[in-house]
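Peer 1: I would like to see how this sequence folds:
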Amino acid sequence: MKIALVAQHTTLLGRPDTQPDPERSRLAELASRLASNGHQVTVYGQRLDRSLPERGQLAAGVSVEHLGPGEEDAGARPASERELLARVPAFSGSLRARLSKDRPDVVHAVRWTSGLAVLAASRGLSIPVVQSFHSLGITERRHRVLPQEADPERIRLEPAIGRSASAVLAGSTDEESDLTRLGVPRRSIKVVPCGVDTDEFTPEGPVALRNGRPRLVTVADFERASALDTLLRAMVKIPGAELIVAGGPPAKELHNHPEHARWRALAQSLGLGGRVLFTGQASAHSMPPLLRSADLFVSTSEYEPSAMLSLQAMACGTPVIAPAVGSQLDAVVDGTTGILVPPDRPALLAHRIRQLLGHPMLLEAFSAAAADRARSRYSWERIARETIAVYSSLGAAARAAA
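Peer 2: Numbering: from 1, shown residues only. Model (predicted):
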């Protein structure tokens, strides 16, 4: 099968990211896994920077093409959604020329501006179109990630894109519900979650140094709403435990970040002293050892469309405590691989954490169940097979209609 993956907003070639980009990593992993299943994959992106090559090879069976002339001064700054939307007409024109010349069996668009470009580029070519949003505008508004007045074009166009696609891949049952509320037919929605690298994130491997205390690990988002305040207040009622807070800018730049200063001040005012450590930005390679060193991973993300951090912790055999919202409801099996707690309940959060830390055998059972669930449900190999099944069903339907 010839597969075209379209991701206008990012590139899989060129300079490395200054900060880890989970979405770019997921796209590269999906493309590579599709190819390893015997399919030919081309990833199309916009040439936002003239330093990017026009084409290249990501892995065996995966080629990358950048469309458009590129800008002289684009640099490493990612394009905003408004900028991407303005470039859709030129991008879709170049994409149509490619699709007409080298017709794929299916085109899979990642994010809404890519979907807009793909629908325009594939018009009249009878190529099935699959759409992945990864995150919907209405969901981001509900979780206050997207201001009410922001991106009106996105809010208006996402429902039309979803209804026009041959199939829409939802990352969770929560996203599936939002898509149906937008008028996307349920029959065209398939829940295919994000995968986790179960070769890198595994219970076996190096473990970050410990100091004998019960350890909680979290990753804080320094740019979006975070429930770290709730976790810090809960720590008051978890005597003896330490909290490692990863995320944000590099460690040497933490002191310049206002959120870090506010959280440190809150920790000091709560009397947490040396029990809370901020490590700064964590590299992809440092995360597995850190997660393996934890007794519990505590999610402080008020909105995380893929529950990726929870899945990575589970794959390392670390039980998860997470807010009972969104994709966490799919990822964490309450009472088996971790605990789901209503948001903004520090006393209840502390109680649940104490319960688990006080029962080592229960923690061990949760650990085994977490690793097994990550491997069996969220391995990239399974996610690739489920994605290919959607592609194949569309091809079969197209042949039957011909």
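Peer 1: what's the closest non-adjacent residue to residue 282?
Peer 2: In space, residue 282 comes closest to residue 246 once its chain neighbours are excluded; the distance is 4.2 Å by C-beta to C-beta, 6 or more residues apart in numbering. For the C-beta atoms, the positions are set from N, CA and C on the backbone; glycine is no exception.
Peer 1: Could you list the buried residues of stretch 180-188?
Peer 2: Counting neighbours by 16 or more other C-beta atoms under 10 Å, one finds that the buried residues in stretch 180-188 are 182, 184, 188.
Peer 1: How far away from the center of its chain is that stretch?
Peer 2: Remark: stretch 180-188 is offset 22 Å from the chain centroid, using C-alpha atoms, centre = their mean, to the nearest Å.
Peer 1: start to end distance for that stretch?
Peer 2: End-to-end distance of stretch 180-188: 10 Å, with C-alpha to C-alpha, to the nearest Å as the criterion.
Peer 1: Okay, buried residues for stretch 205-217 please.
Peer 2: 208, 214-217.
Peer 1: again but with stretch 335-350, I slipped
Peer 2: With burial defined by 16+ other C-beta under 10 Å, the residues of stretch 335-350 counted as buried are 337-341, 345-346, 349-350.
Peer 1: burial of the nearest residue to residue 251 once chain neighbours are set aside, as a residue count?
Peer 2: Sequence neighbours aside, residue 280 is the residue nearest to residue 251 in space, at 3.4 Å (criterion: C-beta to C-beta, 6+ apart). Residues within reach of residue 280, counting by other C-beta atoms under 10 Å, total 18.
Peer 1: Residue 280 reaches residue 244, doesn't it?
Peer 2: No: the pair residue 280 and residue 244 does not pass the contact test of C-beta atoms under 8 Å, sitting 11.1 Å apart.
Peer 1: What score does residue 398 have for pLDDT?
Peer 2: Turning to residue 398, the model gives it a pLDDT of 65.
Peer 1: re the thing from before, list the beta-bridge partners for the residue nearest to residue 251.
Peer 2: Note on residue 280: beta-bridge partners by DSSP bridges are residue 246.
Peer 1: Which pLDDT value goes with it?
Peer 2: Looking at residue 280, its pLDDT reads 93.
Peer 1: Next, work out how far apart it and residue 248 are.
Peer 2: 6 Å (C-beta to C-beta, to the nearest Å).
Peer 1: what is in contact with those two at once?
Peer 2: Counting by C-beta atoms under 8 Å, 6 or more residues apart in numbering, the shared contacts of residue 280 and residue 248 are residue 254.
Peer 1: helices and strands of this protein: which one bottoms out on pLDDT?
Peer 2: In the chain, no helix or strand scores lower on mean pLDDT, DSSP states H and E than helix 380-401, which sits at a mean of 88.
Peer 1: which residue is nearest the centroid of this structure?
Peer 2: The central residue of the chain, meaning the one whose C-alpha is nearest the mean C-alpha position (C-alpha atoms, centre = their mean), is residue 306 at 4.5 Å.
Peer 1: Output the buried residues of stretch 335-350 in a markdown table; the columns should cover pLDDT, secondary structure and distance to residue 104.
Peer 2: Compiled in a markdown table, the buried residues of stretch 335-350 are given as follows (pLDDT from 0 to 100; DSSP: H, G, I helix; E, B strand; the rest coil; distance: C-beta to C-beta, whole Å):
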| residue | pLDDT | secondary structure | distance to residue 104 |
| --- | --- | --- | --- |
| 337 | 97 | coil | 38 |
| 338 | 97 | strand | 40 |
| 339 | 97 | strand | 44 |
| 340 | 97 | strand | 40 |
| 341 | 95 | strand | 45 |
| 345 | 94 | coil | 49 |
| 346 | 95 | helix | 51 |
| 349 | 97 | helix | 48 |
| 350 | 97 | helix | 53 |
